[in-house]
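In: 3D model of this:
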Amino acid sequence: MKNISNKFIKNLFLRGFCVFLFLLSINLNAQENINERKLLKQARKSLLKEKYKDAQEKYLKLVNAAPTNSIYNFEAGLSYFFSTHERGKSTPLFEAAIENLEEDTIPEMYYYLGKSYQLNSAFEKSSNTFTKFDPYINYGKKAGDELKNEIIEETNYNENGLKYSSEIDPNIKITNIGNQVNTIDREYAPVLHKSENILLFTSRRKINGNKLDKSDLLPYEDIYVAKQTENGWVMVTDQNEIKKYLPANVNTKKHDASITYSLDEKTLFTYKKDAIWKSTFDGSSWSSLEKLDDNVNASKFNVPSVTLTADGNTVFFVSEKKDGIGGKDIYKSTKSSNGDWSEPIILSTNINSTKDEDAPYLTQDGKTLFFSSKGHSSIGGYDIFKSEFVNEEWSTPVNLGIPINSPSDDIYYTTDTEQKNGFFSSSREGGNGDMDLYAFSFDCDNLENTEIRGIAYNNKTKQPLIGKLTLTSKKDNKVVGTVTSNENGTFLLVTKPENEYSLSIEVDGFQKHTITINLPKQCEYYQQFSEIALEQVEIDSQYYQVATLRNSFFDVNSEIDNYKKTGPLETNTISSELPFVTDGDKEVLTLSRTIDPSNTKLNYTLISDTIKTEKPRETIAGAEIPSFEDIYFDFDKSNLKPESKKELNKIIDFLKSEKGKALNITVTGNTDGKRDMEFNKKLFARRNIPFTIEESEKRSKEYNVELSKKRANNTVKYLTSKGINKNKITINYNGEEKPVAPNTNEDGSDNPKNRAKNRRVSFS
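Out: Residues are numbered from 1 along each chain as shown. Predicted coordinates for the structure are as follows:
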């Protein structure tokens, strides 16, 4: 994975270097300091032999001695540019070389400055510099045409870089896993052992006198193990511990690289001898490595990267073949029932481009493929992409963008099961060396505190509730805040998000009520709005208190502005659905309901809690109102019983008292809804009306409305006969529509006791 050292660029460097030698021979004739000449000769020797660290030290001495010398600055820049570490430091040296150039223009300087800007993510500067280089390209010849194509490609990288720079997700965190694992050499191909938080990786580090690969003069690959501790990622050196994750003697004298674990982490795939091998874990030790069959490991294939489906029956791997789309491509092979692998099938051009693809990684559900590519919409070198499997085809890949990708190589993406955290390798600027291991997280840092703004009110009367609210963390049962709602029922609590809390409310006229709320994690600040509605209800002669909590998260001012700008809902529509949304002529939104402009619906999380209570006692101006019992009637009757008059006399006394004289009363009649089908048939016959079930039902309901009205009217007649002003009384009648108890049992049989409870008049 050599960095920016392909044959084309090397040739460009050598052509320019010959020009520099000629110019420098003229320049140095004027130099009197023989040590400068000697030091330059030594620096060039180190540069040509790719001993970049040594060359940098010598060139920097020359630059310090002659800061305006274009040749010193340019060649010093090359010593950084062609190295594998701190390549971005070439930029100020190239800038100084161009700035101080006095005689003939050396066009190659613009090329290298453009590349160095790109390495430092200065994409616009890079493209502008390539534009200055363009007039010097010798068109019409092979080398010139190749160079022009190279510049077009670099400019495309810059355009992509500018696009992704404007789309950076601030919640993505990238971290170098540290110099206890990463070295000046190459570390790559991370393999996560998810159950143990262990990381296998491959490195070409210089240790223990390991031999060099003659093709690139770098040490052969070996597999290493790291683990996460309180002090960060550290190397695992205990051989007994290493054997838990790797077969014995996995590293040989040649190339050995980590590839992947199976889903159950009981099979490990590694790379050696240009082939894929596997080892299985029996619970105590790993088996000897076994080579996969030739359909995957044919000698003509190059297969350093592999990923498998969860069932282990399909493998995706990298191969460079004559019938490929271009460079390295991604293929797949399927295991047959006898364990053999099928002939490889190349993935479509949605995945494979005319450039190299490498390092496929398939998610556990098999629906998302991550891979690295030098094509598609890369911003330079390998970039990491993802593609979704939709309708039996891989979708057009999407670049993961900055900061996951950089102008350098970004490759070997792997993630945890939730796809929130993972690792990859990168040769980006700022690393420890040639290529480092990086951790990423799509999970943002939680805010220390957020606000819960809310309102408490009586759900029946829509009046605000003034009382104490207490917020308690359920994790440690500690009270984190206590406030009192104001005269408008509103309150403010401050606490940490991403936690579960108990919120209790204590107000006059209600029992203390506690309800559980969850505050989600917050990456960016927003308020939670909580609307608490309390009410007391009667069901089957039992009394209950219901707390309803509506939670939502939004910025009040922006939401109101949104209503005015986009108009998904008219203000009067909001007002009709929400209490407390207006304050005189001023629009306010104090409740916890948001609007989704796409469907113009109010959206919130609804939580409801019910507790059993005693029959509520109403209050007015702080004074308790006596509890008045319902009065009851015989079947199909509306005349008052003697015991009913006793209860009505209590109401009369209260309404005439100091506490009650300012009050009005509502009298509501009800019936039990019993049916007499035979009676209806006879009645319809007498009236010459055709009998149907529907008409019978309609007649019974209408009859019961009239009966409930008679019961309410007879009750009011008694009250007014005792001196209660008729204007203080409101009459309601429900017919059979609002029973307090079921008229029938679960098996459908009649329930006379409950029916008697429904033949009533109630008071409020």
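
In: and residue 272, what is it in contact with?
Out: By Cβ atoms under 8 Å, 6 or more residues apart in numbering, residue 272 lies in contact with 252, 254, 255, 256, 257, 289. C-beta here means a position set from N, CA and C on the backbone, and glycine is covered the same way.

In: Quick check: phi and psi on it?
Out: phi -160, psi 160 (degrees, to the nearest 10).

In: Return the closest of the contacts of residue 272 with respect to residue 727.
Out: residue 257 (93.4 Å; Cβ to Cβ).

In: Model confidence score at residue 34, please.
Out: The model reports residue 34 with a pLDDT of 47.

In: and what of residue 622?
Out: At residue 622, the pLDDT recorded in the model is 51.

In: ok, now the one 4 residues further on?
Out: Reported pLDDT at residue 626 in the predicted model: 70.

In: got it, and the one 5 residues further on?
Out: With respect to pLDDT, residue 631 scores 90.

In: Wait, it touches residue 642, no?
Out: No - the criterion here is Cβ atoms under 8 Å, and residue 631 misses it with residue 642 at 10.8 Å.

In: which of the two has more neighbours?
Out: The neighbour comparison of residue 631 against residue 642 (other Cβ atoms under 10 Å) goes to residue 631, with 23 against 6.

In: now the more buried one: how far from residue 425?
Out: Separation of residue 631 from residue 425 (Cβ to Cβ, to the nearest Å) stands at 83 Å.

In: Sticking with the nearest residue to residue 742 once chain neighbours are set aside, tell me its helix or strand.
Out: Nearest residue to residue 742, sequence neighbours excluded (Cβ to Cβ, 6 or more residues apart in numbering): residue 754, at 5.7 Å. Assigned by DSSP states H and E, residue 754 belongs to helix 752-758.

In: Please apply the same query to residue 534.
Out: strand 528-539.

In: Pull out the buried positions in the top helix by length along the chain.
Out: Secondary structure of the chain per DSSP state H: the longest helix is helix 693-721. Within helix 693-721, the residues scored as buried using 16 or more other Cβ atoms under 10 Å are 696, 699-701, 703-705, 707-716, 718-719.

In: Same check on stretch 469-481?
Out: For stretch 469-481, by 16+ other Cβ under 10 Å, it's 469, 470, 471, 472, 473, 481.

In: Alpha carbons of it, as PDB, please.
Out: Below are the C-alpha coordinates for stretch 469-481, written out as PDB (Å, rounded to 0.1, in the frame of the first residue of the first chain):
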ATOM      1  CA  LEU A 469     -42.800  18.900  41.200                       C
ATOM      2  CA  THR A 470     -40.000  16.700  42.200                       C
ATOM      3  CA  LEU A 471     -37.600  15.000  39.700                       C
ATOM      4  CA  THR A 472     -35.700  11.900  41.000                       C
ATOM      5  CA  SER A 473     -33.100   9.800  39.200                       C
ATOM      6  CA  LYS A 474     -34.200   6.200  39.000                       C
ATOM      7  CA  LYS A 475     -30.600   5.100  38.700                       C
ATOM      8  CA  ASP A 476     -29.600   6.100  42.200                       C
ATOM      9  CA  ASN A 477     -32.900   7.300  43.700                       C
ATOM     10  CA  LYS A 478     -31.500  10.800  44.200                       C
ATOM     11  CA  VAL A 479     -33.600  13.900  44.000                       C
ATOM     12  CA  VAL A 480     -32.100  16.100  41.200                       C
ATOM     13  CA  GLY A 481     -34.600  18.900  41.300                       C
END
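
In: who does the strand holding residue 534 touch, helix- and strand-wise?
Out: Using 3 or more Cβ pairs under 8 Å, 6 or more residues apart in numbering; DSSP states H and E, the elements in contact with strand 528-539 are strand 450-458, strand 499-507, strand 513-519, strand 542-553.

In: buried ones in that strand?
Out: So for strand 528-539, counting by 16+ other Cβ under 10 Å, buried means 528, 529, 530, 531, 532, 533, 534, 535, 536.

In: Given that strand, what are its sheet partners and their directions?
Out: Here strand 528-539 has these sheet partners by DSSP bridges: strand 450-458 (parallel), strand 542-553 (antiparallel).

In: closest one to residue 352 among those?
Out: Distance to residue 352, taken as Cβ to Cβ, is lowest for strand 542-553 among the strands paired with strand 528-539, at 43.2 Å.

In: distance of residue 346 from residue 534?
Out: 66 Å.

In: Please apply the same query to residue 655.
Out: The gap separating residue 655 from residue 534 is 27 Å, by Cβ to Cβ.

In: what sits against residue 102?
Out: With Cβ under 8 Å, 6+ apart, residue 102 has these contacts: residue 70.

In: wait, what's in contact with the residue lying closest to residue 613 once chain neighbours are set aside?
Out: Nearest non-adjacent residue to residue 613, counting by Cβ to Cβ, 6+ apart: residue 545, 4.6 Å away. Neighbouring residues of residue 545 by Cβ under 8 Å, 6+ apart: 510, 511, 513, 534, 535, 536, 537, 610, 611, 612, 613, 616.

In: Next, residue 115: secondary structure please.
Out: Following DSSP: H, G, I helix; E, B strand; the rest coil, residue 115 is assigned to helix.

In: Neighbours of it, how many?
Out: 22.

In: next one: the one 4 residues further on
Out: Residue 119 has 25 neighbouring residues, counting by other Cβ under 10 Å.

In: Phi, psi for it please.
Out: When read as degrees, to the nearest 10, the backbone of residue 119 gives phi -60, psi -30.

In: just checking, it touches residue 430?
Out: No - between residue 119 and residue 430 no contact is recorded; they are 10.7 Å apart, counting by Cβ under 8 Å.

In: re earlier: Provide the partner residues of the residue nearest to residue 613 in its beta bridges.
Out: Going by DSSP bridges, residue 545 forms beta bridges with residue 536, residue 611.

In: That one and residue 457, how far apart?
Out: 14 Å.

In: Residue 282 too?
Out: For residue 282, the distance to residue 457 - Cβ to Cβ - is 65 Å.

In: So between the two, which is more surrounded?
Out: For residue 282 versus residue 457, neighbours defined as other Cβ under 10 Å are more numerous around residue 457 (23 against 8).

In: my read: residue 113 touches residue 92, true?
Out: No - Residue 113 lies out of contact with residue 92 (Cβ under 8 Å); the separation is 10.1 Å.
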